[in-house]
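In: just a sequence and a predicted model for now, questions to come.
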Amino acid sequence: MSPDVPVVPETPGPYALIVNPTAGGGRAAGMLADVERQFDAHRAVFRVERTRSVDHGIDLAFEAVEANEIPVVMSGDGLIGAVGGALAGVDTPLGMIPAGRGNDLARSLGVPTDAAGAVECVIRGNVRVIDVGEANDRRFLGIASVGFDSDANRIANDAKIMKGTMVYAYAALRALVSWKPVRFTLVEGERRSRFTGYTVAVANNCFYGGGMKVAPDAVLDDGELDVVTIGEVGKLRFLLNLPKVFKGTHVQEEEAVKSWRTHSIEIDASRPMTVYADGDPVAELPARIRILPAALKIIAPEAPVAED
């Protein structure tokens, strides 16, 4: 046993550790032995299940709930978001071991991304109640976005050999080369608006793309969605402003960037587009996106870690 692994007298659990071996370009598989050692060091009762697909991961989570176990998903935002969405309304909390490339939900909740810290959080953390988003019939925890983001997400997902957050910068640059502005239509109740531009992001969480603070005021438990739109600007100006997204200061570009809050919004566009959320495709346009307030119990530190 490693000397820096804390040992506690309790017997936590039981936990069902649901592992996506391919998450993070193999990062999850590489972390698994260390994560198991950490659970053993805490004398936790746990078992390990490896997923074959997203649906299989969801099935494993419900099997854990039925067995009075706490499901702990070890993966990236995609599987964590899918399982979290499926568990909305369930009394059993969800634990997470971040093991993807972006880990944006963990970033917002303050969940550590190292094996020791993440397991400690699962065992010692608090149960928080957060909102869940829904795009058509697919639920998500982070940000549903469409437009330029659709192209960038697709490129990032296809770049299997690239690890870490650099894949998102690479994908954005690749997408920008061939991007042509889209005419978006937004409907909220009786209000209809149109604009030409790059992106519509509908945010439950403030981060996506490995730390891009696209919706800096979005929080996971306020019962609202933050909408951020980026209008038509030249590609050079768009590129020069892209680094601002990491600090959330892009929203100060009021001529091109608009933001507001809502509970539900319908989105359509002048050409077919796919809505992505938690890094994965979740819906085709037209799409209705809405918030499900206080829908999911999740294990996290008492307070999120502040980001500069």
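Out: Perfect, thanks for sending it.
In: going forward, measure contacts between C-alpha atoms and count neighbours the same way
Out: Noted.
In: in the protein, spot the helix with the most residues.
Out: helix 23-41 (DSSP state H).
In: elements contacting whichever helix or strand comes after it?
Out: With elements assigned by DSSP states H and E, the helix or strand that comes after helix 23-41 is strand 46-50. Strand 46-50 is packed against strand 15-19, with contacts defined by 3 or more CA pairs under 8 Å, 6 or more residues apart in numbering; DSSP states H and E.
In: the strand it packs on pairs with which strands?
Out: Using DSSP bridges, the neighbouring strands of strand 15-19 in the sheet come out as strand 46-50 (parallel), strand 70-75 (parallel).
In: quick one, the longest helix of the chain and strand 46-50 angle?
Out: 160 degrees (axes from the mean of the first three to the mean of the last three CA atoms, to 10 degrees).
In: comparing the strands paired with strand 15-19, which comes out most buried?
Out: Taking mean count of other CA atoms under 10 Å as the contact definition, the stretch among the strands paired with strand 15-19 with the greatest mean neighbour count is strand 70-75, which reaches a mean of 27.
In: hmm, who's touching that one?
Out: 13-21, 23-24, 28, 61, 64-65, 79-80, 83, 92-100, 122 (CA atoms under 8 Å, 6 or more residues apart in numbering).
In: what helices or strands is the longest helix of the chain leaning on?
Out: By contact count (3+ CA pairs under 8 Å, 6+ apart), the secondary structure elements abutting helix 23-41 are strand 70-75, helix 115-124.
In: distance to Phe246 for those - can I get that in TSV?
Out: Conversion of the helices and strands packed on helix 23-41 to TSV gives the following (distance: least, CA to CA, whole Å):
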stretch	distance to Phe246
strand 70-75	23
helix 115-124	24
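In: nearest to Val200, out of the ones you listed?
Out: The closest approach between Val200 and any of the helices and strands packed on helix 23-41, judged by CA to CA, belongs to strand 70-75 at 26.3 Å.
In: mean confidence (pLDDT) on the closest one, please.
Out: For strand 70-75, the mean pLDDT works out to 98.
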